[in-house]
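> sharing a model that was predicted from the sequence below.
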Amino acid sequence: MITVAQLLNYKGYNVETIAPDATVYEAIRRMADLDIGALVVIESGKVVGLITERDYARNVFLKGKSSPTTPVREAMADDVLVVGCNKTTRDCMAIMTGKRTRHLVVMEAGELVGILSIGDLVRSIVAEQDMTIEQLEQYILRG
């Protein structure tokens, strides 16, 4: 089973962040420009939240708020789900499924080191299963 550390080594450690006082419009524009679904919210060097497209839809659009004037802190989720680098992709999928979320923040020793999306995990698990299938096929062909 692949660990979060191994997945980040492949995917990369880049994490896009935003300040809680930035506007939701800035956050959505940034996500659209980068083709990503979430930004980690950082204040004074600490993770204080996560803002996603889903947060925008539920906490701004559906409430009739204005994205150019609403600060990120009013729309973000402040109960950020965090995993360490030693967790497996299976552990992460269980957390995401159980908590009905699409993103996990990766922290080690109190430091932000990465972010994983459901897509990252699905790609990793599928690749791992493909490799297992290939190995089994080779075993069968030799046997």
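Arrived safely. Numbering: from 1, shown residues only.
> in contact with residue 90, which residues?
The neighbourhood of residue 90, defined by CB atoms under 8 Å, 6 or more residues apart in numbering, consists of 1, 125. Every C-beta, even on glycine, is put in place using the N, C-alpha and C of the backbone.
> what's the local residue count around residue 12?
Using other CB atoms under 10 Å, residue 12 has 9 neighbouring residues.
> need the pLDDT of it.
The model reports residue 12 with a pLDDT of 92.
> let me see the backbone angles for it.
phi 110, psi 160 (degrees, to the nearest 10).
> which residue packs closest to it, ignoring adjacent ones?
Closest residue to residue 12 apart from its sequence neighbours, by CB to CB, 6 or more residues apart in numbering: residue 114 at 7.9 Å.
> residue 70 too?
Using CB to CB, 6+ apart, the closest residue to residue 70 is residue 24 (4.7 Å).
> and the gap between that neighbour and residue 117?
According to CB to CB, to the nearest Å, residue 24 stands 20 Å off from residue 117.
> let me see the ranges of the strands in the chain.
17-18, 38-43, 46-52, 82-83, 103-108, 111-117 (DSSP state E).
> what bridges to the most centrally placed residue in the chain?
Nearest to the mean C-alpha position of the chain, counting by CA atoms, centre = their mean, stands residue 103 at 3.0 Å. Under DSSP bridges, the beta-bridge partners of residue 103 are residue 117.
> can I assume it is in contact with residue 36?
No - Residue 103 is beyond contact range of residue 36, at 9.6 Å (criterion: CB atoms under 8 Å).
> give me the neighbour count for the residue nearest to residue 56 when sequence neighbours are not counted.
Residue nearest to residue 56 in three dimensions, not counting chain neighbours: residue 28, with 5.6 Å by CB to CB, 6+ apart. Neighbours of residue 28 under the rule other CB under 10 Å: 20.
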